[in-house]
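> pasting a predicted model and its sequence here:
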Amino acid sequence: MKFLLGKTANGSSARLGQLDLPHGKVETPVFMPVATRGAVKTLAPWELKEAGAQLVLSNTYHLHIRPGEKLIKDRGGISQWMSWSGPTLTDSGGYQAYSLAREINLAKTTDKGVKFSSYLDGRSIFFTPQEALRIQLDIGSDIAMILDDCPAYPAKLGRLEESVQRTASWAKQSIDYWYSQEKLSRSRGIFGIVQGGTDAQLRLRSLADIQNLPFDGIAIGGLPLGGMEAKQSKQETGAVIDLLENELDKQRPHYLMGVGDPVDLIRYIHRGIDMFDCVLPTRLGRHGGWWTKDLARWNIRRQEFSSDSRPLDEKCSCPACRNFSRSYIRHLFIIQEPLAARLLTGHNLRFIFDLLKDIREAIEAGEFVKRYQYWLK
C-alpha cells in the first residue's frame with residue numbers, strides 16, 4: 001500500500017491524499033460505508049459506486065462466523081465475491097470483544113487474545129493477533145486492521161493502562177506475522193490502532209507504541225463516537241484529537257474509527273484526519289432520517305411532510321431527490337415499504353460522499369477554512 005500526500009489547507013491540518021491499493025486508488029479525505037457482513041444494508045454495490053463510494057468496510061468477526069473466510073477466498077476475495085469493484089477495509093474483531101461483552105457477555109479478553117462465543121451456534125472462537133490477520137488475508141481486503149484491546153467507555157485508569165500495554169504487545173506480534181506473510185501482504189495495507197481512552201498520557205504513549213512500528217496507517221480507536229452521543233462525550237473525543245493532531249506522523253494516513261456525523265467529519269478533517277467509517281448514515285436512513293445541504297437533519301415521519309411536494313433536498317441529484325417527493329417517501333415509510341429505507345439510505349450516503357468531495361475541492365482551491373468556517377467554530 002502507498003499513501004501519497006497532497007496539498008494541506010491554509011490555516012488547517014486538513015489535507016489531500018491518495019491511497020494506492022490493489023483494487024484501486026482512493027482519494028482522501030474519505031468516508032467508508034459499513035458493509036458488516038459483505039453488504040451495505042439495502043443498497044447494491046453498483047448503487048454505492050454511483051453514489052460516490054470509494055472504499056467500504058466489512059467486519060472480520062461476522063464474516064468469519066458466516067460464511068467463513070475459506071468460502072470468500074475460494075471465490076476470489078471479498079471484492080469479487082460481493083461484486084464490489086473497489087477496495088475494502090476489514091476491521092479485526094477487537095470492537096466486538098468490547099460490544100459483545102457489554103451487551104450479552106459473550107466475549108473475554110486476555111493477554112493472548114479474545115475468546116468469543118458464536119451468536120449462531122454458541123461455539124467457541126479464539127482470535128489471537130495472528131489469527132485476526134490470517135482471516136483478513138484470506139478475506140482478501142485491501143487494508144487490514146490489527147487486533148486491539150478496546151475497553152468500555154468510560155473505563156477506569158487501570159483498565160486503560162492494561163489496554164494500552166496489551167494493544168502494544170499485539171501490535172508487535174501483528175507486524176511480525178504480517179511481514180512473515182510477504183507474498184500475501186506486500187501489496188496490502190496494515191493499520192495499527194491507538195488506544196488510551198480520554199487519558200492524555202496514555203493516548204500519547206499508545207500513539208508512540210504504534211508509530212514506532214512500520215504500519216501503513218494510524219487508526220484512533222476506543223472513543224465515544226458515532227454522532228448520537230452526549231455533548232460531554234463529544235467534547236472528550238475532540239480533546240483527544242486535539243492532543244494527537246500535531247503528534248500524528250504526517251506521512252501516514254490517519255483513520256478516526258466510528259465517525260459519520262457531517263459536522264464531526266468537517267471538524268476532524270480540520271484536525272488532520274483522512275479516513276472515517278460509521279453506520280450512522282445508513283442506520284439513520286432506515287429509521288426515517290436524512291440530511292440536507294445546510295447540514296440540518298430531518299425525519300420523514302413528521303406529519304408536516306405528508307403533503308410536501310419537495311424532494312428530500314432541492315440541491316441534491318441522488319435518485320431519491322430526482323424522482324420522488326417527501327410526501328411519497330413518507331407514505332412508503334409509514335406503510336413500511338422497504339423502498340423507503342433504500343431511498344433514504346442512498347440519499348444519506350450520497351450526501352456524505354458529496355460533502356467529502358466538496359471538502360477535497362475546497363482544500364485544493366485553498367478555500368477549506370473559508371468555506372467551512374461556520375462549522376469550525
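Looks like it came in fine. Nothing here was measured: the structure is a model prediction, and the numbers come from that model.

> what's the domain layout of this protein?
2-278, 289-377 (automatic domain parsing).

> can I get these in a markdown table with mean neighbour count and mean pLDDT?
In this view, the C-beta of every residue, glycine as well, is placed from N, C-alpha and C. As requested, these are exported to a markdown table (neighbours: other CB atoms under 10 Å; pLDDT from 0 to 100):
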| stretch | mean neighbour count | mean pLDDT |
| --- | --- | --- |
| domain 2-278 | 19 | 92 |
| domain 289-377 | 17 | 98 |
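
> nearest spatial neighbour of residue 4, skipping sequence neighbours?
The shortest distance from residue 4 to any non-neighbouring residue, by CB to CB, 6 or more residues apart in numbering, is to residue 18 (4.4 Å).

> show me what the host helix or strand of the one you found is packed against.
According to DSSP states H and E, residue 18 maps onto strand 15-21. Helices and strands touching strand 15-21, by 3 or more CB pairs under 8 Å, 6 or more residues apart in numbering; DSSP states H and E, are strand 2-8, strand 24-28, helix 338-365.

> just checking: what are the partner strands of the first one?
On the basis of DSSP bridges, the sheet neighbours of strand 2-8 come out as strand 15-21 (antiparallel).

> then the shortest one?
The strands beside strand 24-28 in its sheet (DSSP bridges) come out as strand 15-21 (antiparallel).

> export the strand it pairs with to PDB, keeping only CA atoms.
Extracted as PDB, the C-alpha positions of strand 15-21 are listed here (Å, rounded to 0.1, in the frame of the first residue of the first chain):
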ATOM      1  CA  ARG A  15      -5.000  17.700   3.700                       C
ATOM      2  CA  LEU A  16      -5.400  15.800   0.400                       C
ATOM      3  CA  GLY A  17      -4.000  12.300  -0.100                       C
ATOM      4  CA  GLN A  18      -4.300   9.200  -2.200                       C
ATOM      5  CA  LEU A  19      -4.300   5.600  -1.100                       C
ATOM      6  CA  ASP A  20      -2.900   3.300  -3.800                       C
ATOM      7  CA  LEU A  21      -4.500  -0.200  -3.200                       C
END
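
> next helix or strand past the one helix or strand residue 72 maps to?
Under DSSP H and E, the secondary-structure element containing residue 72 is helix 69-74. Using DSSP H and E, the helix or strand that directly follows helix 69-74 along the chain is helix 78-81.

> not counting that next one itself, show me its contacts.
With contact meaning CB atoms under 8 Å, 6 or more residues apart in numbering, helix 78-81 is reached by 23, 38, 58, 63, 72, 75, 84-88, 90, 139-142.

> 7 Å instead?
For helix 78-81, contacts defined as CB atoms under 7 Å, 6 or more residues apart in numbering pick out 23, 38, 58, 72, 75, 88, 139-141.

> rewinding a little: and the helix holding residue 72, what other elements does it pack with?
Where contact means 3 or more CB pairs under 7 Å, 6 or more residues apart in numbering; DSSP states H and E, helix 69-74 is packed against helix 129-139.

> how far does the helix it packs on sit from its chain's centre?
19 Å (CA atoms, centre = their mean, to the nearest Å).

> tell me the secondary structure for the closest residue to residue 93 other than its chain neighbours?
Of all residues not flanking residue 93 in the chain, residue 61 sits nearest, at 3.9 Å (CB to CB, 6+ apart). Secondary structure assignment for residue 61 (DSSP: H, G, I helix; E, B strand; the rest coil): helix.

> just to check, residue 114 is in contact with residue 93?
Yes. Using CB atoms under 7 Å, residue 114 is in contact with residue 93, at 6.5 Å.

> just the terminal-to-terminal distance for stretch 18-30.
End-to-end distance for stretch 18-30, by CA to CA, to the nearest Å: 10 Å.

> quick one: contacts of it?
So stretch 18-30 is contacted by 1-4, 6, 16-17, 54-55, 79, 86-87, 142, 187-189, 253, 269, 274-275, 356, 359-360 (CB under 7 Å, 6+ apart).

> so in terms of bridging, what pairs with the most centrally placed residue in the chain?
Centroid check for the chain by CA atoms, centre = their mean gives residue 277 as the closest residue, at 1.8 Å. Counting by DSSP bridges, residue 277 is bridged to residue 32, residue 257.

> quick one: stretch 336-344 to chain centroid distance?
Computed by CA atoms, centre = their mean, the separation of stretch 336-344 from the middle of its chain amounts to 23 Å.

> OK, contacts around the residue nearest to residue 93?
If you count contacts by CB under 7 Å, 6+ apart, then residue 61 has 93, 96, 116 around it.

> what does residue 215 give?
Contacts of residue 215 (CB under 7 Å, 6+ apart): 190-192.

> in JSON lines: those, plus distance to residue 243.
Compiled in JSON lines, the contacts of residue 215 are given as follows (distance: CB to CB, whole Å):
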{"residue": "190", "distance to residue 243": "24"}
{"residue": "191", "distance to residue 243": "20"}
{"residue": "192", "distance to residue 243": "18"}
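
> among these, which lie within strands?
The strands, defined by DSSP state E, take in 190-192 from the contacts of residue 215.

> of the residues you listed, closest to residue 371?
residue 191 (29.5 Å; CB to CB).

> and the closest one, how far is that from residue 285?
With distances taken as CB to CB, to the nearest Å, residue 191 is found 28 Å from residue 285.
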